[in-house]
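[1] Dropping a prediction and its sequence here:
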Protein chains: 2
Amino acid sequence: MSRSVLYETGRTSSGIRRREVGSIGPCAAGRSAASEYLTEIVYKRLEAAILEGCLTPGQQLLETALAKEYGVSRTPVREALKLLVKGGLAEITSSGIFVTALTVKDVRGLLQTSQALQGLASRLAVERGTEEQMVQLEQILSVMEAATAQGYLQQWIAADKNLHTHIALMGDNKSLVRMVRQMESLVGRVRHLAIHLPGRLAQSNLEHRRIVEAIRARNTELAEQTIQEHLRNGERLIVSILQNFVVPFAGERF
Amino acid sequence: MSRSVLYETGRTSSGIRRREVGSIGPCAAGRSAASEYLTEIVYKRLEAAILEGCLTPGQQLLETALAKEYGVSRTPVREALKLLVKGGLAEITSSGIFVTALTVKDVRGLLQTSQALQGLASRLAVERGTEEQMVQLEQILSVMEAATAQGYLQQWIAADKNLHTHIALMGDNKSLVRMVRQMESLVGRVRHLAIHLPGRLAQSNLEHRRIVEAIRARNTELAEQTIQEHLRNGERLIVSILQNFVVPFAGERF
DNA sequence: GTATGCATGAATGTAAACAATATTTTTGTT
DNA sequence: AACAAAAATATTGTTTACATTCATGCATAC
C-alpha cells in the first residue's frame, strides 16, 4: 500500500478519510483539531455496529479482517478493540476478542445497574441542577416529542440517551457521568427493542415528562421514584420481548 | 536494541521480563497462558503507580519516557495509556495524557457513586448470594481482622477492596461487577487516606462485620443501610482529611 | 487405521520505522 | 535588547516488519 502524498486524498481506496486537508484556515494544524484519529473513528464505527446488531453477539473480532475492511492498519483497530473490551462491549478470551453476548439475565442486570446510577443522578440533578440545565432538559424532551410525532426513531433514541446523560450531568458528579455514559453505551444494545411496541413511545414520553417535571419542581423523592418507575417499565418490556420473541437479534445465545 | 534470542533473557536491560521460557511443562505454550502481555504489565504498573501516588495527579504521561523507563517499545505503553484514560485514571487533553487530578469535590462524587453501586450490590448479595459465597465473605473478613492485628496495611487494603468486590460478585450481575471494579480502582486513590487515623481500622472492621452479618442473615434493609453507613463514614473521614491536611499527595490541585 | 511429527498458514504481540505536528531553541535583524 | 523567522527537537499517530504462538493439513511410522 503506497502512502498517499501528504494525506491529500485520505488514506486508501475505500478507506477511512482522515482530515480535510483543504481547510487551510486558522487552526489548520491537525493534532488537537477535532479528534479525527483513526483509533476513535474505528472505535465509534465498531461501537455503532455492535449497538445496531450488525456485529452479532458472540462474533469474533479479527484485527486483520477489520483493518482490511476499514482500510487502515492493524494498530488503530487493535486499540479500538481493547477499548471495546475495557468498556464491556467486547470480551477477550484465550482464543480472541468477541462481541459480548447478552443473556436475558445480563440484560436484566444491565438495566438494574443503570437504575441504581440513574436514581442517584436524578437525586443530584434535583439538588444541583442549574436553571439553565433545567431549560436544556426541557428542550431535549421537546426534541423527543417532536421526533415521536414525525416518526424519527433514530433521533428519538439519540435524544433518549441524551436525556439520561443530561440528568447525570446536572448532578455535577464526574464519576457518575462517566459511569452513566458507559452504562448508556451498554444499554444501547437493547434500548431500541421496546420502542417498536405500539404506544410505547407515547408512554415513554409521558414518563419522561413526569421525570422532567419532578426534577424542575426540585422534588427529590418524586424524581427518583418516577425515573425508577420509568426504567422498571422499560426493563419489563425489554425482558418480555427478549423472552417471547426469540432471537431478537441473530446469533444470540440465551 | 537487538532482539534477544527466543526471549531467553527477557526483553532488555532492566526491562520487563516477559515469560519464563524455562518452564517446559505442560502448557508451556504461551499465548493463552497467564496473560503476561506487556500491555497488561505496563497497565498494572501504571495503575499501581497512580493509586500509590508515585505518579502524581496532573502529571503528564509521556509515551517515550515511560517506554524507556519500562524497557519496552511505545506500543504497549500506548495501549496501556488509552486504557487508563478509558478507565478514568488518566485524562486526555489536546496537549497530552495526564494523571487525572482529583478535587475534593471529585472525591466526594467518587464515593457517592460508589455508594449507589454498593447499595445495589448488597441488596443483590442478600437475595442471591450462595452459602459458599457467604463463607468466602467471612474468610475475607477474617483476613482483614488478621491483617489489622499484625499491622499489614497493604494486605488490609487489598482485602477491603476484595470484600467490596466480592459483595458485588454475590449479586450475580455482570455489569454491576464491572462498574464496581472500575469504581474500586478509582476509589483506590483515596481509600488509604483514612486508615492511618487512630482507631479507624478497628472501626472499619466493626462496620464490615456488621455488613457481613446483615448479608448472612439475609436482611436486605439492614445490609444496605449498614453498608451505606460504612461508606458514608469513610467518605466523611476522607473528605475531612483532604480538607484539613492540605496537599495529601503532592501536585494536587484543590 | 491410528497416531506422531513436521510443515504451512493465520492471527496476534511487540518493535521499529515513517510521517506529521507542536514546541522549543537558535539565529538573524531591527 | 526585543522581536520575528527558521531550524532543531520532541511527541505522537500510523504503518510496516518481525517474532511467536496456535491451528490445520499432510506425510510418515507403527
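    It's in. Numbering: from 1, shown residues only, chains lettered A, B, ... in the order given.
[2] where does the stretch 151-254 of chain A dip in pLDDT?
    By pLDDT under 70, the low-scoring segments of the stretch 151-254 of chain A are A:245-254.
[3] and residue A:150, how many neighbours?
    10 (other C-beta atoms under 10 Å in any protein chain shown). For glycine as for every other residue, the C-beta is placed from the backbone atoms N, C-alpha and C.
[4] again with residue A:184
    Neighbours of residue A:184 using other C-beta under 10 Å come to 19.
[5] which residues touch the nearest residue to it once chain neighbours are set aside?
    Distances taken as C-beta to C-beta, 6 or more residues apart in numbering or on different chains place residue A:161 nearest to residue A:184, at 5.3 Å, with adjacent residues excluded. Listed by C-beta atoms under 8 Å, 6 or more residues apart in numbering or on different chains, the contact set of residue A:161 reads A:184, A:188, A:191.
[6] Closest to residue B:202 out of these?
    Comparing those against residue B:202 with C-beta to C-beta places residue A:184 closest, at 41.1 Å.
[7] tell me what the strand or helix carrying residue A:134 is packed against?
    Under the criterion of DSSP states H and E, residue A:134 resides in helix A:131-150. On a contact count with 3 or more C-beta pairs under 8 Å, 6 or more residues apart in numbering or on different chains; DSSP states H and E, helix A:131-150 meets helix A:153-170, helix A:200-216.
[8] Please look at residue A:64 and residue A:72 and confirm they touch.
    No - using C-beta atoms under 8 Å, residue A:64 is not in contact with residue A:72, being 11.4 Å away.
[9] Those two: which has the busier surroundings?
    Neighbours per residue (other C-beta under 10 Å) separate residue A:64 from residue A:72, with residue A:72 holding more: 21 against 9.
[10] how close does the residue nearest to that one when sequence neighbours are not counted sit to residue A:71?
    Among residues not flanking residue A:72 along the chain, residue A:38 sits closest, at 5.2 Å (C-beta to C-beta, 6+ apart). From residue A:38 across to residue A:71, the span is 10 Å (C-beta to C-beta, to the nearest Å).
[11] Neighbour count for those two, which is higher?
    residue A:38 (20 against 16).
[12] you'd agree the more buried one is up against residue A:74?
    No - the pair residue A:38 and residue A:74 does not pass the contact test of C-beta under 8 Å, sitting 11.0 Å apart.
[13] Pull the helix holding residue A:134 out as CSV, backbone CA atoms only.
    Extracted C-alpha coordinates of helix A:131-150, given in CSV (Å, rounded to 0.1, in the frame of the first residue of the first chain):
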residue,chain,number,x,y,z
GLU,A,131,-31.9,26.7,35.8
GLU,A,132,-30.1,26.7,32.5
GLN,A,133,-29.8,22.9,32.7
MET,A,134,-33.4,22.7,33.5
VAL,A,135,-34.2,24.5,30.3
GLN,A,136,-32.0,22.3,28.3
LEU,A,137,-33.7,19.3,29.8
GLU,A,138,-37.0,20.7,28.6
GLN,A,139,-35.5,21.2,25.2
ILE,A,140,-34.3,17.6,25.0
LEU,A,141,-37.8,16.5,25.9
SER,A,142,-39.2,18.7,23.2
VAL,A,143,-36.9,17.1,20.7
MET,A,144,-38.1,13.7,21.7
GLU,A,145,-41.7,14.6,21.4
ALA,A,146,-41.1,16.2,18.0
ALA,A,147,-39.3,13.1,16.9
THR,A,148,-42.2,11.0,18.1
ALA,A,149,-44.7,13.0,16.1
GLN,A,150,-42.6,12.7,13.0
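[14] Need the contact partners of that helix.
    A:125, A:129, A:153, A:155-156, A:159-160, A:162-163, A:166-167, A:169-170, A:201-202, A:205, A:208-209, A:212, A:215-216.
[15] Could I have the buried ones of these as PyMOL selection syntax?
    Applying 16 or more other C-beta atoms under 10 Å in any protein chain shown to those leaves a buried subset, and the PyMOL line that selects it is:
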select buried, chain A and resi 125+129+156+159+160+162+163+166+167+169+170+201+205+208+212+215+216
